[in-house]
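take this sequence and fold it.
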Amino acid sequence: MSVARGKRWASAALALSLAMALWGLRPATVRAIPPLPSVFWGTVQIDGAEAPEGTRVAVWSGGREWAATGMVWNADSAQVLYQVDVPGDDPETVAVEGPQEGTALEFRVSNGQVTGSAQQSGTWHAGSVNRLDLSVELPRLYCLPLVLRAGNGF
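Residues are numbered from 1 along each chain as shown. The predicted model follows:
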């Protein structure tokens, strides 16, 4: 009886090993790796002056903002710089995560009160690192005093 039991265990172990081996040979689902971001960095000039730390730089295309960053002090270059990583679209998904190869990019700069489009633009390329110094003329805000005089219907 113990010989029969040993044969059953051996058969079960062989069947389990065969099943595991066949499971490992099944076709694997292949997923595409999302594209590497397109990186842009550089200085920003607002109305001809160096932009201060905290100035916001945003990247737009197709009416949608894809990425944004704030300007920071870079001790190595002794300058205030921006660096923004713009993600790309993963064609394997239904959602649109970013621009596609060759998409034109608009850079918008904000000082916290007003926003303007930079004179320079970029193009999205997977895995690229691009120095792009930006310059922008921001619209001016004017405050005019309002003087009310008695007798004018007020």
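
from now on I want contacts and neighbour counts done on CA atoms only, so please keep to that.
Noted.

for the protein, what helix or strand is lowest in average pLDDT?
helix 2-24 (a mean of 67; mean pLDDT, DSSP states H and E).

I'd like the next helix or strand past it.
strand 38-42 (DSSP states H and E).

any idea which helix or strand comes after that following strand?
strand 44-46.

which SS state does G112 fall under?
coil (DSSP: H, G, I helix; E, B strand; the rest coil).

where in the chain is pLDDT low?
1-7, 10, 13-14, 16, 18-32, 141-144, 146-154 (pLDDT under 70).

center of it, which residue is that?
V86 (3.4 Å; Cα atoms, centre = their mean).

can you pull the contacts of it?
Contact partners of V86, counting by Cα atoms under 8 Å, 6 or more residues apart in numbering, are P37, S38, V39, F40, V59, W66, A67, G98, W124.

reformat those as JSON lines; add neighbour count.
Output for these, formatted as JSON lines (neighbours: other Cα atoms under 10 Å):
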{"residue": "P37", "neighbour count": "20"}
{"residue": "S38", "neighbour count": "21"}
{"residue": "V39", "neighbour count": "19"}
{"residue": "F40", "neighbour count": "20"}
{"residue": "V59", "neighbour count": "22"}
{"residue": "W66", "neighbour count": "19"}
{"residue": "A67", "neighbour count": "15"}
{"residue": "G98", "neighbour count": "21"}
{"residue": "W124", "neighbour count": "23"}
